[in-house]
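>>> Fold the following, please.
(chains A, B and C)
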Amino acid sequence: MRQVTHILNTETNGPGLYEITTPVVNWCQKQHMEEGLLTLFIRHTSASLTIQENADPDVCHDLQDFFARIAPRNGPYRHSAEGPDDMPAHIRSALTQTQLTIPLTNGQLALGTWQGIYVFEHRDHRQRRQLAMHLLGE
Amino acid sequence: MRQVTHILNTETNGPGLYEITTPVVNWCQKQHMEEGLLTLFIRHTSASLTIQENADPDVCHDLQDFFARIAPRNGPYRHSAEGPDDMPAHIRSALTQTQLTIPLTNGQLALGTWQGIYVFEHRDHRQRRQLAMHLLGE
Amino acid sequence: MRQVTHILNTETNGPGLYEITTPVVNWCQKQHMEEGLLTLFIRHTSASLTIQENADPDVCHDLQDFFARIAPRNGPYRHSAEGPDDMPAHIRSALTQTQLTIPLTNGQLALGTWQGIYVFEHRDHRQRRQLAMHLLGE
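All right, here's what the predicted structure looks like:
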């Protein structure tokens, strides 16, 4: 058994879900493993990860709206030094994922038919986000 | 070190938490490993995974009610083509887990005394849900 | 490739976020691995795990307040036998993480600059919390 690591860089430009399924799948395929375990870890606390439906783009917009309602910009927050979008970004990150682990079987990630992997950006301005990827298997 | 994969199929019949601790534990024990790492991955975006108390069934009902309040059926959603239960199902999935990873030590999953593993079904009608299981260890 | 497991015990004293980055990092370094995968699993359903900003302590207080608002003590819960803090504790656990997995590269956990690992205690009274740790790599 062997392991491979990689840093995937993604640019985001404002709040929303950014699909990264294709670069993740492509990188995995280049490692030529048949069975294994992929871990994605986002190295930030104001952006997060989620697996969601990638068929109807309205799902992503509704998710974005939901998190904006539940953790609004104008909440009763102490932490405001980094702007009005920062504390809700931390809350929305806590409610979703910093890390995802996906089995690999028969050379394919075990994603269901409609599952896409997304970076969920919670901040207003353009950001460069880093994901640590780790694949273990053979 | 070696790895084993498996698909666990579960039937659900309406919203709620369905405990899968027994089939998961049984499958692990059949692999005869002493130390390792188990990953469960649900291949859907309208059902999810959670680890919760399995002593008092009221906990599961209260959880179900909480998620029905926080992401209600009649929310202001764009995505409605798949029925009024679909968009809240995606939100409730985003708020819980698509994947769980549990260490195995001394031949046992590291679950605490009151921890049970659940499929959290968010849709109204009968569904067949697939979980990809991956166990690594020796 | 090899694996090591460990139980990390933490004491908490009331609701809030308790940083455990230092003991986790120290334990990993003692295993002398260059590349690998660390899994933390909390063996409870009324305390959870989260990765959050560890620069401004206000972030942790705001997070604590948010979860107290969204899953309040005086909610319409059936489950009350274990006290008014127990059912909200289960909900707050379901909304955050029971498990975190972090890649290790070049002998370091892949945590970003501002990321800290926290036990999120949801119960009122002093508790002893157990985390199962599993490190795999070489």
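>>> buried residues in stretch A:10-26?
For stretch A:10-26, burial by neighbour count (16 or more other CB atoms under 10 Å in any protein chain shown) applies to A:10, A:12, A:15, A:17-20, A:23-24. Where you see a C-beta, it was placed from the backbone N, CA and C, and this is true even at glycine.
>>> And residue A:22, which helix or strand is it part of?
Assigned by DSSP states H and E, residue A:22 belongs to helix A:21-30.
>>> for that helix, packing partners?
Using 3 or more CB pairs under 8 Å, 6 or more residues apart in numbering or on different chains; DSSP states H and E, the elements in contact with helix A:21-30 are strand A:2-13, strand A:36-42, strand A:108-109, strand A:115-121, strand A:126-137.
>>> now that helix and strand A:2-13, what's the angle there?
On the basis of axes from the mean of the first three to the mean of the last three CA atoms, to 10 degrees, helix A:21-30 is oriented at 160 degrees to strand A:2-13.
>>> Can you check the pLDDT for residue A:112?
Residue A:112 carries a pLDDT value of 98.
>>> burial count for the closest residue to it other than its chain neighbours?
Leaving aside its sequence neighbours, residue A:112 sits nearest to residue B:43 (CB to CB, 6 or more residues apart in numbering or on different chains; 3.3 Å). Residue B:43 has 19 neighbours, counted by other CB atoms under 10 Å in any protein chain shown.
>>> quick one, longest helix in chain A?
Secondary structure assigned by DSSP state H gives helix A:57-70 as the longest helix of chain A.
>>> Quick one: name the residues of chain A near chain B.
Contacts of chain A with chain B, taken as CB under 8 Å from any CB of the partner chain, map to A:1, A:35-37, A:50-53, A:56, A:58-59, A:61-63, A:65-66, A:70, A:95-97, A:100-103, A:105, A:110-112, A:114-115, A:136-138.
>>> Just the buried residues of these.
For the residues of chain A next to chain B, a neighbour count by 16+ other CB under 10 Å gives the buried set as A:35-37, A:50-53, A:56, A:59, A:62-63, A:66, A:70, A:95-97, A:100-103, A:105, A:110-112, A:114-115, A:136-137.
>>> Please name the residues that touch residue A:134.
A:3-5, A:38-39, A:41, C:37, C:103, C:105, C:110 (CB atoms under 8 Å, 6 or more residues apart in numbering or on different chains).
>>> Taking the centroid of chain A, which residue is nearest it?
Centrality entry for chain A: nearest residue to the mean C-alpha point is residue A:49, 2.4 Å, by CA atoms, centre = their mean.
>>> so where does that one fall, helix or strand?
strand A:47-53.
>>> Compute the inter-axis angle for that strand and strand B:47-53.
Using the same axes, to 10 degrees: strand A:47-53 against strand B:47-53 is 120 degrees.
>>> quick one on the thing from earlier: which neighbouring elements make contact with the very next helix or strand once past the longest helix of chain A?
The helix or strand immediately downstream of helix A:57-70 is helix A:86-95, counting by DSSP H and E. Judged by 3+ CB pairs under 8 Å, 6+ apart, helix A:86-95 is in contact with strand A:47-53, helix A:57-70, strand C:47-53, helix C:57-70.
>>> How about residues contacting stretch A:75-82?
Contacts of stretch A:75-82 (CB under 8 Å, 6+ apart): A:86-88, A:90-91, C:56, C:58-59, C:61-62, C:65-66.
>>> how about that stretch: buried residues?
For stretch A:75-82, the buried set under the neighbour-count rule, 16+ other CB under 10 Å, comprises A:77, A:79, A:82.
>>> got a pLDDT number for the last one?
If I follow you right, that is residue A:82. Residue A:82 carries a pLDDT score of 94 in this model.
>>> Please apply the same query to the second one.
Per-residue confidence at residue A:79 stands at 96 (pLDDT).
>>> Would you list the phi and psi of it?
phi -80, psi 110 (degrees, to the nearest 10).
>>> any idea how far it is from residue B:17?
Per CB to CB, to the nearest Å, residue A:79 is found 34 Å from residue B:17.
>>> Could you do residue A:13 as well?
Per CB to CB, residue A:13 is found 38 Å from residue B:17.
>>> Is it possible to get a markdown table of the helices and strands packed on helix A:21-30 that adds mean pLDDT?
Below are these laid out as a markdown table (pLDDT from 0 to 100):
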| stretch | mean pLDDT |
| --- | --- |
| strand A:2-13 | 98 |
| strand A:36-42 | 98 |
| strand A:108-109 | 98 |
| strand A:115-121 | 98 |
| strand A:126-137 | 98 |
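>>> Tell me which of those sits most buried.
Comparing the helices and strands packed on helix A:21-30 on average neighbours per residue, with mean count of other CB atoms under 10 Å in any protein chain shown, the densest one is strand A:36-42 at a mean of 26.
>>> So is that one next to chain C?
Yes - residues of strand A:36-42 contacting chain C under CB under 8 Å from any CB: A:37, A:39, A:41.
>>> any idea which of those is closest to residue B:131?
residue A:37 (14.7 Å; CB to CB).
>>> list the contacts for that closest one?
A:101-104, A:135-137, B:3, B:37, B:39, B:134, B:136, C:37.
>>> The residue nearest to residue A:86 when sequence neighbours are not counted: neighbour count?
Of all residues not flanking residue A:86 in the chain, residue A:46 sits nearest, at 6.2 Å (CB to CB, 6+ apart). Residue A:46 has 24 neighbouring residues, counting by other CB under 10 Å.
>>> In terms of pLDDT, where does residue A:46 sit?
98.
>>> so what's it up against?
A:86, A:89-90, A:93, A:122-123, C:53.
>>> tell me which of those is nearest to chain B?
residue A:93 (12.0 Å; CB to the nearest CB).
>>> Could you report the neighbour count for the closest one?
The number of residues packed near residue A:93 is 26, by other CB under 10 Å.
>>> before we move on, what about residue A:83?
Neighbour count of residue A:83, defined by other CB under 10 Å: 12.
>>> give the contact list for the closest residue in space to residue A:29 that isn't next to it in sequence.
Spatially, and ignoring its direct neighbours in sequence, residue A:29 is nearest to residue A:107 (7.4 Å; CB to CB, 6+ apart). If a contact means CB under 8 Å, 6+ apart, then residue A:107 has A:29, A:33-34 as its contacts.
>>> From these, list the buried ones, please.
Buried subset of the contacts of residue A:107 (neighbour count, 16+ other CB under 10 Å): residue A:33.
>>> Nearest to residue A:127, out of the contacts of residue A:107: which one, please.
Closest to residue A:127, out of all of the contacts of residue A:107 and judged by CB to CB, is residue A:29, at 27.4 Å.
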